[in-house]
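In: just to be clear, the model below is a prediction. Sequence and coordinates:
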There are 2 protein chains.
Amino acid sequence: MELPEFLKSLVDFSEEELEEILTHFRVEEVSKEYPLVEQGQICRKLYYIEKGVGRNYYLNADGKEITQLFFGEGRFMTSLESFFQESPSLYNVEVLEESLIHFITKEDLEFLFGKYHKMEQLGRLLSTEMLTKVVHKLNAIQFQTAQERYEYMLTEYPDIIYRVPLGMVASYLGMSQETLSRIRKKKLEE
Amino acid sequence: MELPEFLKSLVDFSEEELEEILTHFRVEEVSKEYPLVEQGQICRKLYYIEKGVGRNYYLNADGKEITQLFFGEGRFMTSLESFFQESPSLYNVEVLEESLIHFITKEDLEFLFGKYHKMEQLGRLLSTEMLTKVVHKLNAIQFQTAQERYEYMLTEYPDIIYRVPLGMVASYLGMSQETLSRIRKKKLEE
DNA sequence: GGATTCTTTTGACCTATATCAAAAAACGAA
DNA sequence: TTCGTTTTTTGATATAGGTCAAAAGAATCC
């Protein structure tokens, strides 16, 4: 979904408001694996994914990549804690395909929050939406078996699961790649 | 921290604003294990804990209680997805001690969001704060050993860990009570 | 279109943590 | 204080899922 349409679907902005808001966004076409944020940096941009998929990941003590969150089309993406708290990011953020994204800086966003009550509302809605999404995932991870977590992913993110490498999905679901491969096989055999 | 003080610490409300906002809250003293929300209900209240501790939990397939989140003093508590999406709550919400809480209904809250830009800002700040908290926990749960998760809890919620029954902490950390008991013992021996 | 590189699958083995059961300790009411 | 109840600890045993290594399969590139 295109950005203006997406914004309007959440809050009913007037034409003028929408117009000004959009002037603060910039478009970017980025290619696969392009690092939007690197671990340690402070992330000052909020990205909207019009086309493509992105993710947030970090390198654990053994140097293995652990995917924290995926972001599909029509989502805002950023390094959450870094963006909100202006702290060094614990995560890398990248896109996983040729993607079309829009971004706004934190500064501009704060400006818009101050200027437009409705923009503030948008901010609130987006963060509560993200919050429920994360709570849901937490729930899946906390007490479900590897198999159940896979099912969760299938129903929750059917688009993403077949679009990104297996290893990334596995780490996202908190299991090893081998385990995910076996679960998938077992599922097929049924 | 008392509610007015807490609100002012986040957003600089004028005296009149603050006054009106406070009229929409009601105080309640509730005793241990009092169910504020029950699984299946739609939760329409947002609680502020002035004194006490609360939690969110659900009963899994085997009928075992799984604690999802704890809420300490100076926090807002609710059944997150239920409150935001007006969907039946997956969780029970209760306090774990004699507590002093304030609450506001969703209706009143929406009214205030609409009336005061600053109130909307408060809503946004609270949800981003909660969001980073949940992301942080997700992170701890996803790829850490039981021992590491315990350490996480010690540093993150030192106040809560000794205040609530072991079994609740264990399920919160995604491990069995026995495992937590053993970890704690090992830690003491060092 | 074959060589190279990256991703996924498979097998063998191992370990962290679950489960079950019972004892010990702590707590609360009368 | 004592008895009954709840919570925590301890021991023995089982298992889901991890790790390591190698083979198989896909994708990418000159």
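Out: Looks like it arrived, so ask away.

In: so how far is the longest helix belonging to chain A from its chain's centroid?
Out: Longest helix in chain A by number of residues (criterion: DSSP state H): helix A:117-143. Centroid separation for helix A:117-143 versus its chain: 11 Å, with CA atoms, centre = their mean, to the nearest Å.

In: just the buried positions in it, please.
Out: For helix A:117-143, the buried set under the neighbour-count rule, 16 or more other CB atoms under 10 Å in any protein chain shown, comprises A:117-135, A:137-143. All C-beta atoms are positioned from the backbone trio N, CA, C, and that covers glycine.

In: check these one by one and keep those near chain B.
Out: When CB under 8 Å from any CB of the partner chain is applied, the members of these adjacent to chain B are A:117, A:120-121, A:123-124, A:127-132, A:134-135, A:137-139, A:141-143.

In: residue contacts, whichever residue of chain A sits closest to DNA strand D?
Out: Per CB to the nearest atom of the strand, A:T179 is where chain A lies closest to DNA strand D, at 3.1 Å. Each residue near A:T179 by CB atoms under 8 Å, 6 or more residues apart in numbering or on different chains is listed here: A:A146, A:A170.

In: now do the helices in chain A.
Out: Along chain A, the stretches classed as helices by DSSP H are A:3-10, A:15-23, A:80-85, A:106-115, A:117-143, A:146-156, A:158-161, A:166-172, A:177-189.

In: show me what the longest one is packed against.
Out: Under the contact definition 3 or more CB pairs under 8 Å, 6 or more residues apart in numbering or on different chains; DSSP states H and E, helix A:117-143 sits against helix A:3-10, helix A:15-23, helix A:106-115, helix A:146-156, strand B:65-71, helix B:80-85, helix B:117-143.

In: could those go into CSV alongside mean pLDDT?
Out: Output for these, formatted as CSV (pLDDT from 0 to 100):
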stretch, mean pLDDT
helix A:3-10, 96
helix A:15-23, 96
helix A:106-115, 97
helix A:146-156, 93
strand B:65-71, 93
helix B:80-85, 91
helix B:117-143, 91
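
In: make a markdown table out of the ones you listed and add distance to DNA strand C.
Out: Converted to a markdown table, the helices and strands packed on helix A:117-143 look like this (distance: least, CB to the nearest atom of the strand, whole Å):
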| stretch | distance to DNA strand C |
| --- | --- |
| helix A:3-10 | 30 |
| helix A:15-23 | 36 |
| helix A:106-115 | 32 |
| helix A:146-156 | 12 |
| strand B:65-71 | 11 |
| helix B:80-85 | 24 |
| helix B:117-143 | 10 |
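
In: identify the bridge partners of A:E28.
Out: A:I101 (DSSP bridges).

In: that one: neighbour count?
Out: For A:E28, the neighbour count with other CB atoms under 10 Å in any protein chain shown is 15.

In: kindly report the same for A:E107.
Out: For A:E107, using other CB under 10 Å, the count is 11.

In: contacts only, for A:D159.
Out: For A:D159, the contact set (CB under 8 Å, 6+ apart) comprises A:G72.

In: so what's the spatially most central residue of chain A closest to, chain neighbours aside?
Out: The residue lying closest to the centre of chain A (CA atoms, centre = their mean) is A:F71, at 3.1 Å. Excluding its sequence neighbours, the residue lying closest to A:F71 (CB to CB, 6 or more residues apart in numbering or on different chains) is A:M77, at 3.9 Å.

In: from chain B, how far off is the one you found?
Out: As judged by CB to the nearest CB, to the nearest Å, A:M77 and chain B stand 13 Å apart.

In: quick check: that residue touching A:V53?
Out: No. At 9.5 Å, A:M77 and A:V53 do not qualify as touching, with contact defined as CB atoms under 8 Å.

In: up against chain B, what does chain A have?
Out: Residues of chain A found near chain B (CB under 8 Å from any CB) are A:60, A:66, A:68, A:80-81, A:84-85, A:90, A:113, A:117, A:120-121, A:123-124, A:127-132, A:134-139, A:141-143, A:171, A:174.

In: repeat the analysis, applying 6 Å as the threshold.
Out: With CB under 6 Å from any CB of the partner chain as the criterion, chain A meets chain B at residues A:66, A:80-81, A:84, A:117, A:120-121, A:123-124, A:127-128, A:130-132, A:134-135, A:138, A:141-143, A:174.

In: can you pull the pLDDT of A:E190?
Out: pLDDT for A:E190: 69.

In: would you mind naming what in chain A lies close to DNA strand D?
Out: Within reach of DNA strand D by CB under 7 Å from any atom of the strand, chain A has these residues: A:T145, A:A146, A:Q147, A:G174, A:M175, A:S176, A:E178, A:T179.

In: using ChimeraX, define a selection of the buried residues within those residues.
Out: Filtering the residues of chain A next to DNA strand D down to the buried ones (16+ other CB under 10 Å) takes a single ChimeraX command:
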select /A:174,175
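
In: pick the one among the residues of chain A next to DNA strand D closest to DNA strand C.
Out: Looking across those and measuring by CB to the nearest atom of the strand, the closest to DNA strand C is A:E178, at 4.1 Å.

In: next one: the closest one from A:K185, what distance?
Out: Plainly put, A:E178 is 11 Å away from A:K185 if you go by CB to CB, to the nearest Å.

In: how many neighbours does A:E19 have?
Out: For A:E19, the neighbour count with other CB under 10 Å is 11.

In: over to the one 5 residues further on?
Out: Number of residues near A:H24 (other CB under 10 Å) recorded here: 15.
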